[in-house]
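Visitor: Could you look at this predicted model? Sequence included:
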Amino acid sequence: MNNTLFVALLLAVAPAVQAQTALSFENSLNRILLPFQPKDAFAGVGACGIVDAKTLRPWTHAEALATLAPCLREVSQRYGTNVSVASGFVPSRDSRGILAGIVLMTGQTAIGSPLLLDLNDAIARRGGRLLGFPARVGRDGDGIPARSRVQGALDRCMLPMVVRKIESSEDFIKIFGRCITQDSEIKVSEIQAAVNRPLAVTLLTDSEGAAAESLNGSVIVNTGSGPVEISVLAYPKALALP
């Protein structure tokens, strides 16, 4: 084969080779990136169908947490990593405050993992809410926000000067619950231990909007072994009908 013919053949096949190489590279890249493309973590999970169901009345917070638990157990099996539901803080959409809502806890799962990406995608597809409540994905070590307005109710409350041991949310409620529910400024009608969060309580308040949001945060109480910080999450009655 003379040189002229060889060069002509090379020029003729070069575009096809380049196209095949580009296609092979694209396919390989897609296979690499596929696990990192977010998808709905709830899609195809039987127990998670409830998250898109229409109801005659809003869910209460307790109902929402109990309803999501079976869904997340199946999600945990799908991804091989435990995911649980807990009471928690969610930044408001206008970024000016924090709301009491629902947190999908994933332990120490690495940031950028398929599980975190898919859970965030599942929440985003539902407008940032699950069963009517603001929702987000959380990891162990999430911090406690700024001071709650409930601190004022505790500071105004007169209690006997005794050593108080607080090792749980129940201890806090037993000692300080009445201080909170009887304070006319914060309008709290009910206080309960938060689900799946130690040293955290949820409040049911007659306040709404910014007044309700200002109750979210943390409070400090003194005990025999030093100060203890308690997370406080407030739910307006409008979001937690009986």
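Guide: Everything's here; your move.

Visitor: What are the buried residues along the helix or strand that contains Leu119?
Guide: With elements delineated by DSSP states H and E, Leu119 resides in helix 114-125, which encompasses its position. Neighbour-count burial for helix 114-125, counted by 16 or more other CB atoms under 10 Å, picks out 114-123, 125. Every C-beta, even on glycine, is put in place using the N, C-alpha and C of the backbone.

Visitor: Any stretches of the protein with poor pLDDT?
Guide: Within the chain, the stretches falling below the threshold (pLDDT under 70) are 1-36, 94-96, 111, 140-144, 160-163, 224, 238-242.

Visitor: Could I get the full set of strands for it?
Guide: For the chain, the strands defined by DSSP state E cover 84-91, 98-105, 129-130, 133-138, 188-193, 200-205, 217-223, 226-236.

Visitor: Is it possible to get CSV of the ones you listed that adds distance to Lys39 and mean neighbour count?
Guide: Output for those, formatted as CSV (distance: least, CB to CB, whole Å; neighbours: other CB atoms under 10 Å):
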stretch, distance to Lys39, mean neighbour count
strand 84-91, 20, 21
strand 98-105, 16, 23
strand 129-130, 17, 20
strand 133-138, 14, 22
strand 188-193, 35, 17
strand 200-205, 31, 23
strand 217-223, 34, 18
strand 226-236, 30, 20
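
Visitor: Relative to Glu229, how far out is the spatially most central residue of the chain?
Guide: With distances taken as CA atoms, centre = their mean, the residue of the chain nearest its centroid is Val103 (2.3 Å). Distance of Val103 to Glu229, computed by CB to CB, to the nearest Å: 18 Å.

Visitor: for the buried residues of helix 114-125, which one is nearest Leu131?
Guide: Ile123 (11.4 Å; CB to CB).

Visitor: How about the closest one, nearest residue that isn't a chain neighbour?
Guide: Leaving aside its chain neighbours, Ile123 sits nearest to Ala135 (5.0 Å; criterion: CB to CB, 6 or more residues apart in numbering).

Visitor: Now do the contacts for that neighbour.
Guide: When contacts are counted by CB atoms under 8 Å, 6 or more residues apart in numbering, Ala135 touches 90, 101-104, 123, 126, 128-129.

Visitor: These into TSV, with extra columns for distance to Pro58?
Guide: As requested, the contacts of Ala135 are exported to TSV (distance: CB to CB, whole Å):
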residue	distance to Pro58
Val90	17
Gly101	13
Ile102	13
Val103	19
Leu104	20
Ile123	18
Arg126	15
Gly128	16
Arg129	11
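
Visitor: Now the two most distant members of those.
Guide: Greatest spatial distance among these (CB to CB): Val103 and Arg126, at 14.9 Å.

Visitor: So what pairs up with the residue nearest to Ile123 in the strands?
Guide: With DSSP bridges applied, Ala135 shows beta-bridge pairing to Ile102.

Visitor: for Ile230, same thing?
Guide: When bridges are taken as DSSP bridges, the partners of Ile230 come out as Val219.
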